[in-house]
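Asks: sharing a sequence plus its predicted fold:
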Amino acid sequence: MRVISQACAAALLWSSLGAGFAQSPAASETTIERSVRTQANRDTQIGIYLNVLPDCTSGPLPTIRLVSPPAAGKVVVKSGKAKATNYKACLALEVPAYVVFYKAPPEFVGDDTLTIEVKYQGGRTEIQKFTVKVSAPGGSKNLIAPQATELSKPEPSVP
């Protein structure tokens, strides 16, 4: 099994964890649009899906269906584990998860789109529409926005 770190899971953890904590008795469907940047011929995580119960244990994993496949790339779902700390009442948790990856062929550059359907226990359904912006290999290496860091003022120079 693949272990997903807290940093990797943070992007989609909020919406996925919310599914386990707030199950409504009535079925509901929401549509979410996401944008992802990657380079050609690179596996890129585009989603992580899990179910955390109020007692911080795992509930049944959602079902994931590829509604419309990408025109150029491929989508793969792998089983893994998600680790998180300090989420609601859960000080630390490690639960099973499905991780979705996208990979464009080496020669593809441009936008690719795909849609997946995620069905959670209790009837909640998310339709997730992804736009994947693919650049040529060797382009910008910084594909994920850096985390904010505190900057200190430079020391004044002495003449």
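Replies: Good, I have the coordinates.
Asks: which helix or strand contains the nearest residue to residue 127 once chain neighbours are set aside?
Replies: Closest residue to residue 127 apart from its sequence neighbours, by C-beta to C-beta, 6 or more residues apart in numbering: residue 31 at 4.6 Å. In this view, the C-beta of every residue, glycine as well, is placed from N, C-alpha and C. Take DSSP states H and E as the rule and residue 31 turns out to sit in strand 28-39.
Asks: cool, residue 107 as well?
Replies: Residue 107 is part of no helix or strand, with elements assigned from DSSP H and E.
Asks: verify the contact between the residue nearest to residue 127 and residue 129 for me.
Replies: Yes - proximity of residue 31 to residue 129 meets the contact threshold set by C-beta atoms under 8 Å, at 6.7 Å.
Asks: low-confidence bits of the chain, can you list those?
Replies: Within the chain, the segments meeting pLDDT under 70 span 1-27, 139-159.
Asks: quick one, helices of it?
Replies: 6-21 (DSSP state H).
Asks: that one: strands as residue ranges?
Replies: With strands called from DSSP state E, the chain shows them at 2-4, 28-39, 44-49, 63-68, 74-87, 90-103, 110-119, 124-135.
Asks: could I get those as TSV with mean neighbour count and distance to residue 55?
Replies: Shown next, in TSV, are these (neighbours: other C-beta atoms under 10 Å; distance: least, C-beta to C-beta, whole Å):
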stretch	mean neighbour count	distance to residue 55
strand 2-4	14	21
strand 28-39	14	23
strand 44-49	21	20
strand 63-68	13	23
strand 74-87	15	13
strand 90-103	18	9
strand 110-119	17	22
strand 124-135	18	19
